[in-house]
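Colleague: here is my input, please return the structure:
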Amino acid sequence: MLSKRLCIALTTAGLLAATGTAAMASPAHRAHATHSVAAQAATTAFTNGSFETPTAPPNSFSTFFTGQNMGLWHVEGGSVDLVDDGYWQAAEGSQSVDLNGGNAGVLSQTFRTEPGTKYTVTYSLAGNPDGGPAVKRGNVRIDGQDFQDFTFDVSGKTRTNMGYVTRQFTFVANRTSTKLTFASTISGAHGPVIDDVKVKCCHSCQSCNSSSCN
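Modeller: Here you go, the predicted structure:
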């Protein structure tokens, strides 16, 4: 089986060959596309927490680089891999994300919130078992502020038994939109793996608009 680094190189080469001039989009065009996604996300509820969109190749993965989008998720730095469950086990649905594509990645989504409302974020955490370091490290941020550091030890874990654990934290929204960010803090191509991200408001459903709190 090809190494992950070689797969990334081949995937990148294939994308450039397939897209031609599209791969040479100007910085202004890329900035406009990024702004459009962020503006759209700020007016919608949190979505795609199990990373089902777009679709990775069967039994493989797709690498997304700085400035690219996975639905309303935006790669703010480095690169990340969107991994099919034929390659390794997902916690929910058919796909998960390795926060290290070829290097440490930063992945975020901006979504609608109600100022003054408390929200709970839960997510499933594992690690890429294909290589070191054994202990994967990263953090979760709200509007750029660290809210939770995490670690996961992949010792004894395999692609078919990833050993997902659930992590949780709460925050109080300060604005009508909030940015949730997951970031790896280790180098290399074998990073923390996240899946099944959920954001829910903490007060009762009778006083909570379900479209903004799911």
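Colleague: thought Thr47 was touching Gly71?
Modeller: Yes - counting by Cβ atoms under 8 Å, Thr47 does reach Gly71; the two are 7.2 Å apart. Every residue, glycine included, has its C-beta placed from N, CA and C.
Colleague: show me where pLDDT drops low in this structure?
Modeller: 1-43, 203-214 (pLDDT under 70).
Colleague: just the strands in it please.
Modeller: Using DSSP state E, the strands found in the chain span residues 61-65, 69-70, 73-77, 79-84, 95-98, 106-112, 118-127, 135-142, 145-153, 165-172, 177-184, 192-201.
Colleague: now the fourth one, how far from the centre of its chain.
Modeller: Same thing as strand 79-84. Centroid separation between strand 79-84 and its chain, computed with Cα atoms, centre = their mean, to the nearest Å, is 8 Å.
Colleague: same thing with stretch 116-125?
Modeller: Remark: stretch 116-125 is offset 15 Å from the chain centroid, using Cα atoms, centre = their mean.
Colleague: ditto for stretch 184-192
Modeller: 13 Å.
Colleague: gap between the two ends of that stretch?
Modeller: End-to-end distance of stretch 184-192 (Cα to Cα, to the nearest Å): 7 Å.
Colleague: who's in contact with it?
Modeller: For stretch 184-192, contacts defined as Cβ atoms under 8 Å, 6 or more residues apart in numbering pick out 4-5, 8, 78, 98-106, 125-133, 136-139, 150, 152.
Colleague: circling back to that earlier point, out of the strands of the chain, nearest to Glu52?
Modeller: strand 95-98 (5.8 Å; Cβ to Cβ).
Colleague: paired strands for the closest one, with orientation please.
Modeller: Counting by DSSP bridges, the strands paired with strand 95-98 are strand 79-84 (antiparallel), strand 192-201 (antiparallel).
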